[in-house]
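Novice: What follows is a predicted structure for the sequence shown.
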Amino acid sequence: MLDNEPSEPSKSSGESASILPFTASTPFTMGIELELQLVNRRNYNLASDAVDLLAWIKPRALQKQIKLEVTQGMIELNSDVHTRVDELIEELKGLRAALNTGAQHLNIDISGGGAHPFQHWHEQRIAPNERFHFLHEKYGYLAKTFTVFGQHIHIGVPNGDDALYLTHAFSRFVPHFIALSAASPFAQGTDTQFASSRSNVVRAFPLSGTAPTFQRWTDFETYYSELLQMDIIGSMKDFYWDIRPKPEYGTVEIRVCDTPLTIEHAAHLGCYAQLLARWLLTERPFTITDNFYLLYQINRFEASRYGLRGAYATHGETLETSFKQPVFEHLLTHLKTLQQYAQNDAEQDTLLHLSHMAHNCLSDADWLRKTFAQRGSLNDMMRLSSELWMGQNPPIHFQ
């Protein structure tokens, strides 16, 4: 979200030739961040208890992985680095248990989902953090409207050139990630008619959208340096692109997902990115050109608006080779491609889970709408949503 990360590492004298050094990491490792909703148990509106919740997190070492976000009705959970999705799930269970215990002391609950259905942005309070207050002053009301909740996925890469290729190549699958994670059909007390209304909020910020089509890290460094010198940015944190390289971590970061309603689904999305990265960096199926993002915006909109039922447009070299198909069909084709890149049963389980969703066009957004229709109350919908995330009900599996 509005990043609360350390400043970029300073360069040693030996790194002076590099404007923005890229820290190599183990290829295809993964980690995720989850921005979560804190809700009171009276009416399930957002509760401004993030600071107090941090004080209750035990053991204290976990406070490195649980952090404040831009407003005080939010908390951010950060996983460690993983190679296996089943190990990621087990870690998330432990982090969830620590959050649940802290929440009990404050009489609040915790929920996933990409947007709270009836909170009002003007009632939110900026978290006590120097960068967040700076961003509030810089962006005005936009900082508080950014009280939306996303999942970020980091994939390890060995060098900056590979990071740029993966940044661009991942963009072809942004509709998949949006549709599979869509969990924000309600906002400001109404049904938005979008599967992911959160996607629209992000677009209001400067330097959102997509990265420029540089393919060499040295060229990107020059671009970065120019913006730095013009005081347009202060660090990589000021790029709010849907996908961006993170040189200090040695990763590529996917930023388009809503926070899912369960930790299991969040982990499967991380594994999907991991499998895609193996295929993309092994096969190099795309040529990055100036018109690489020609249909990006419309495909992104279709997934945000209609989820897996949206249309995916492919631009061919001729009119005859340009076509549209449903997002779920495009997804199913690529899930089959990734079968050969799955290295263990846990990754096969991820492919089965996502294939089930695609075949049946199922999503968290559908679950939220169905639950609201059954209960007739956004408050009660949020109560059940928080029970789901906190593990008080079994994972839904979208059945």
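Specialist: Okay, I see it. Treat the numbers as computed from the prediction; the structure is a model and nothing was measured.
Novice: Go ahead and confirm residue 243 touches residue 255.
Specialist: Yes: with contact defined as CB atoms under 8 Å, residue 243 counts as touching residue 255 (6.6 Å). In short, each C-beta sits where N, CA and C put it, glycine included.
Novice: what is residue 76 paired to in the beta sheet?
Specialist: Per DSSP bridges, the residues bridged to residue 76 are residue 35, residue 67.
Novice: which ones are touching it?
Specialist: Residues near residue 76 by CB atoms under 8 Å, 6 or more residues apart in numbering: 1, 4, 33, 34, 35, 36, 66, 67, 68, 69.
Novice: ok, so of these, who is nearest residue 382?
Specialist: Nearest to residue 382 among the contacts of residue 76 is residue 36, at 12.7 Å by CB to CB.
Novice: and that closest one, how many neighbours?
Specialist: Neighbour count for residue 36, taken as other CB atoms under 10 Å: 24.
Novice: need the contact list for it.
Specialist: 74, 75, 76, 77, 99, 110, 111, 112, 149, 259, 389.
Novice: mind checking pLDDT for residue 396?
Specialist: With respect to pLDDT, residue 396 scores 81.
Novice: oh, and call the first residue 100 from now on, that's how I've got it
Specialist: Will do, 100 is the new start, and the previous item becomes residue 495.
Novice: check which helix or strand covers it.
Specialist: Here residue 495, judged by DSSP states H and E, is contained in no helix and no strand.
Novice: Do you know the pLDDT at the nearest residue to it once chain neighbours are set aside?
Specialist: Leaving aside its sequence neighbours, residue 495 sits nearest to residue 466 (CB to CB, 6 or more residues apart in numbering; 6.0 Å). With respect to pLDDT, residue 466 has a value of 98.
Novice: Please apply the same query to the one 5 residues further on.
Specialist: We have a pLDDT of 98 for residue 471.
Novice: And for it, the neighbour number?
Specialist: Neighbour tally, residue 471, other CB under 10 Å: 19.
Novice: That one reaches residue 478, doesn't it?
Specialist: No: using CB under 8 Å as the test, residue 471 is too far from residue 478 to be in contact (10.1 Å).
Novice: Just confirm residue 254 is within a helix.
Specialist: No: secondary structure of residue 254 (DSSP: H, G, I helix; E, B strand; the rest coil): strand, not part of a helix.
Novice: On the strand side of things, show who it bridges to.
Specialist: Under DSSP bridges, the beta-bridge partners of residue 254 are residue 129, residue 351.
Novice: That one reaches residue 345, doesn't it?
Specialist: No: using CB under 8 Å, residue 254 is not in contact with residue 345; the gap is 9.9 Å.
Novice: ok, now which ones touch residue 364?
Specialist: Applying CB under 8 Å, 6+ apart, the residues near residue 364 are 280, 452, 463, 494.
Novice: Ramachandran coordinates for it?
Specialist: Dihedral pair for residue 364: phi -70, psi -40, per degrees, to the nearest 10.
Novice: quick one, helices of the stretch 350-498 of the chain?
Specialist: 362-382, 395-405, 426-436, 444-459, 463-474, 477-488 (DSSP state H, counting those that start in this stretch).
Novice: With respect to burial, which of those helices scores highest?
Specialist: When neighbours are counted by mean count of other CB atoms under 10 Å, the highest per-stretch mean among those falls to helix 362-382, a mean of 23.
Novice: Go ahead and measure how far it is from the middle of the chain.
Specialist: The chain centre lies 13 Å from the centre of helix 362-382; the measure is CA atoms, centre = their mean, to the nearest Å.
Novice: Could you check the angle that helix makes with helix 444-459?
Specialist: For helix 362-382 against helix 444-459, the angle by axes from the mean of the first three to the mean of the last three CA atoms, to 10 degrees is 100 degrees.
Novice: could I have helix 362-382 exported to PDB, CA atoms only?
Specialist: What follows is helix 362-382 as a C-alpha-only set of coordinates in PDB (Å, rounded to 0.1, in the frame of the first residue of the first chain):
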ATOM      1  CA  ILE A 362      -4.700 -17.400   4.400                       C
ATOM      2  CA  GLU A 363      -4.800 -20.600   2.300                       C
ATOM      3  CA  HIS A 364      -6.000 -18.800  -0.800                       C
ATOM      4  CA  ALA A 365      -3.400 -16.000  -0.200                       C
ATOM      5  CA  ALA A 366      -0.700 -18.700  -0.200                       C
ATOM      6  CA  HIS A 367      -2.000 -20.300  -3.400                       C
ATOM      7  CA  LEU A 368      -1.800 -16.900  -5.100                       C
ATOM      8  CA  GLY A 369       1.800 -16.600  -4.100                       C
ATOM      9  CA  CYS A 370       2.500 -20.100  -5.400                       C
ATOM     10  CA  TYR A 371       0.800 -19.200  -8.700                       C
ATOM     11  CA  ALA A 372       3.200 -16.300  -9.100                       C
ATOM     12  CA  GLN A 373       6.100 -18.600  -8.300                       C
ATOM     13  CA  LEU A 374       5.100 -21.100 -10.900                       C
ATOM     14  CA  LEU A 375       4.600 -18.400 -13.500                       C
ATOM     15  CA  ALA A 376       8.000 -17.000 -12.800                       C
ATOM     16  CA  ARG A 377       9.600 -20.400 -13.400                       C
ATOM     17  CA  TRP A 378       7.900 -20.600 -16.800                       C
ATOM     18  CA  LEU A 379       8.500 -17.000 -17.800                       C
ATOM     19  CA  LEU A 380      12.200 -16.900 -17.000                       C
ATOM     20  CA  THR A 381      12.800 -20.300 -18.500                       C
ATOM     21  CA  GLU A 382      10.900 -20.000 -21.700                       C
END
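Novice: got the angle between that helix and helix 426-436?
Specialist: Angle, helix 362-382 to helix 426-436, by the same axes, to 10 degrees: 60 degrees.
Novice: what about residue 162, how many neighbours?
Specialist: Residues near residue 162, counting by other CB under 10 Å: 13.
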